[in-house]
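Chemist: for reference, the sequence and a predicted model appear below.
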Amino acid sequence: MKTTLAQLFLEELQEEAKATRALLALVPLDKGDYKLHEKSMKLMSLTTHVAEIPGCFHDIIQKEELDFAKMEYKPFIPLDTTDLLALFDKKYNEAIAILSNTADEKFDEQWTMRAGEQIFFTMPKGKVVRTWCLNHWYHHRAQLGLYLRMLNIPLPSVYGPTVDLS
């Protein structure tokens, strides 16, 4: 039996979610205003962004475009770690359900990111899933790891042993 693209994305999402959830569980929410640099995001913004990124699967697979001019984003502010992890779990489980029911042909459809008349890009959904749902997620998760490192919080394993678990 041939492995589908959706199955490959699904397996990767499931594996990567473990490390992401472990990292999110360590975030000191009382330090939400912490920034590594004046141009950096605040810890709270970065944390909620990492927790919300699995929601991109819905926006990309189920829709034809994302138009920032038509959306009203309200930042999620978790009350505590349980609240933050509940957000992540919700977005993750939605992504699992979507990928579990996506035919490979869907990944060939075009998807556009725009802000009104300004088009940032149009590309196949499969490429958008790879870059915006997965690679984008890993990029920000790594940033979150750096924030935690700078706050002297021991880091969990992501891809094998870590100096904090020796």
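Modeler: On my side now, so go ahead. Numbering: from 1, shown residues only.
Chemist: nearest spatial neighbour of the spatially most central residue of the chain, chain-adjacent residues omitted?
Modeler: Nearest residue to the geometric centre of the chain (C-alpha atoms, centre = their mean): residue 53, 2.7 Å. Using C-beta to C-beta, 6 or more residues apart in numbering and skipping residues adjacent in sequence, the residue nearest residue 53 is residue 137, 4.4 Å away. From N, CA and C alone the C-beta is placed, and that goes for glycine too.
Chemist: do residue 68 as well
Modeler: residue 115 (4.2 Å).
Chemist: how near is residue 136 to residue 88?
Modeler: From residue 136 across to residue 88, the span is 15 Å (C-beta to C-beta, to the nearest Å).
Chemist: neighbour-wise, which of the two wins?
Modeler: residue 88 (23 against 16; other C-beta atoms under 10 Å).
Chemist: what strand or helix carries that one?
Modeler: Residue 88 is part of helix 81-100 when elements are defined by DSSP states H and E.
Chemist: buried sites along the helix or strand following that helix?
Modeler: Sequence order places strand 110-115 as the next helix or strand after helix 81-100, per DSSP H and E. Residues 111, 113-114 are the ones in strand 110-115 that count as buried (16 or more other C-beta atoms under 10 Å).
Chemist: so what are the sheet partners of strand 110-115 and their directions?
Modeler: strand 65-67 (parallel), strand 118-124 (antiparallel) (DSSP bridges).
Chemist: which residues touch it?
Modeler: 60, 63-69, 119-125, 128, 132 (C-beta atoms under 8 Å, 6 or more residues apart in numbering).
Chemist: thank you, goodbye.
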